[in-house]
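*Asks:* here is a sequence with its predicted model. Questions after.
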Amino acid sequence: MYYRLNKAETVPVTLYHVAKSKVIGGKKVVTYNNFIRLAPGEEYETDDEAMLAWFSEYKRKVRWTEKIERTLKSHGVPYETEMCKSCGGKVKKISYQVVEVYDE
């Protein structure tokens, strides 16, 4: 399986607490104290199912701006908008997947 940053990202992104599988003492365990830096336009390959599942579920949530929404829309990146629950709905947020997972 392959993964890459979504097409709207233009700068390298560092992701923290990424799930990775390791063999420790003969047992396969998943660790979350890992980080990974991805560059825009680069394609990566892995067979680690824990990492791929983490990428598929990870979404970045940021404050909504018209520019961010327009950029995501123009690159075909799916996104969701919502009103911030912790501040009583005064701030609009946008969430989107940072990493695309695909099979070639």
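*Replies:* Great, that's in hand. Residues are numbered from 1 along each chain as shown.
*Asks:* check what pLDDT residue 89 gets.
*Replies:* Residue 89 is assigned a predicted lDDT (pLDDT) of 84.
*Asks:* how near is it to residue 62?
*Replies:* From residue 89 over to residue 62 the distance is 17 Å, taken as Cβ to Cβ, to the nearest Å. The C-beta positions use only the backbone N, C-alpha and C, and glycine is treated the same way.
*Asks:* got it, and residue 41?
*Replies:* 21 Å.
*Asks:* residue 28 now?
*Replies:* 35 Å.
*Asks:* same question for residue 33.
*Replies:* For residue 33 relative to residue 62 (Cβ to Cβ), the value is 24 Å.
*Asks:* just the helices from the chain, written as ranges.
*Replies:* All helices of the chain, identified by DSSP state H, fall at 49-57, 66-74.
*Asks:* and the first one, which residues are buried?
*Replies:* Looking back up the chat, that one is helix 49-57. Judged by neighbour count (16 or more other Cβ atoms under 10 Å), helix 49-57 contains these buried residues: 50, 51, 52, 54, 55.
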